[in-house]
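Enquirer: Structural data only, the sequence is not supplied:
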């Protein structure tokens with residue numbers, strides 16, 4: 001299955017989950033506070049949360065973990081899913097430069113595409129999702145992994161208001 005097909009499937013699943021989730025809910029009233037889960041908003045990712053990075057195509061989970069460390073994302077990566085608060089899962093695809101690109105453009109940069117989602121393991125809520133498309137990446141999967149980590153860090157730091 002191609003990356004675009006996987007991405008489309010992931011988007012459709014997320015759409016239907018959101019649709020099913022909102023179908024059984026009444027619109028919030030003016031007096032009702034926003035729904036909270038365990039003291040945090042449903043999509044909050046608290047600093048210091050334990051996160052399990054699930055295996056991904058092409059070994060991309062290694063690049064995500066390295067990106068989390070490189071970008072100093074304030075999460076604790078655990079290797080046992082049962083000890084995690086959140087799970088990072090996703091898909092990735094790399095396309096190496098072909099001979100004409102190397103010959104005429106003088107570059108061996110690859111094309112990288114990746115998508116991740118962070119799911120709260122206690123509630124099942126998708127707390128964060130991000131897709132990256134690097135048309136000409138000199139560092140390949142490393143660039144995509146660091147981009148995912150950078151945006152996840154921004155999400156976490158945005159929760160600290």
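Expert: Perfect, thanks for sending it. Remember, predicted model here, so these are calculated numbers, not experimental data.

Enquirer: confidence score at residue 20?
Expert: pLDDT for residue 20: 54.

Enquirer: And the closest residue to residue 43 other than its chain neighbours, how close does it get to residue 91?
Expert: Distances taken as C-beta to C-beta, 6 or more residues apart in numbering place residue 127 nearest to residue 43, at 4.6 Å, with adjacent residues excluded. No exception for glycine: its C-beta is placed from N, CA and C like everyone else's. Counting by C-beta to C-beta, to the nearest Å, the separation of residue 127 from residue 91 is 18 Å.

Enquirer: all helices for the protein, in order.
Expert: 3-23, 60-70, 99-105, 141-158 (DSSP state H).

Enquirer: These: lowest mean pLDDT?
Expert: helix 99-105 (a mean of 46).

Enquirer: quick one: contacts for residue 70?
Expert: 146, 149 (C-beta atoms under 8 Å, 6 or more residues apart in numbering).

Enquirer: and if you look at residue 156?
Expert: Counted by C-beta under 8 Å, 6+ apart, residue 156 has contacts 45-47, 73-75.

Enquirer: Please repeat the previous calculation with a cut-off of 6 Å.
Expert: residue 45 (C-beta atoms under 6 Å, 6 or more residues apart in numbering).

Enquirer: mind checking how far it is from residue 78?
Expert: 16 Å.

Enquirer: next one: residue 92
Expert: 21 Å.

Enquirer: Give me the more crowded residue out of the two.
Expert: residue 92 (24 against 15; other C-beta atoms under 10 Å).
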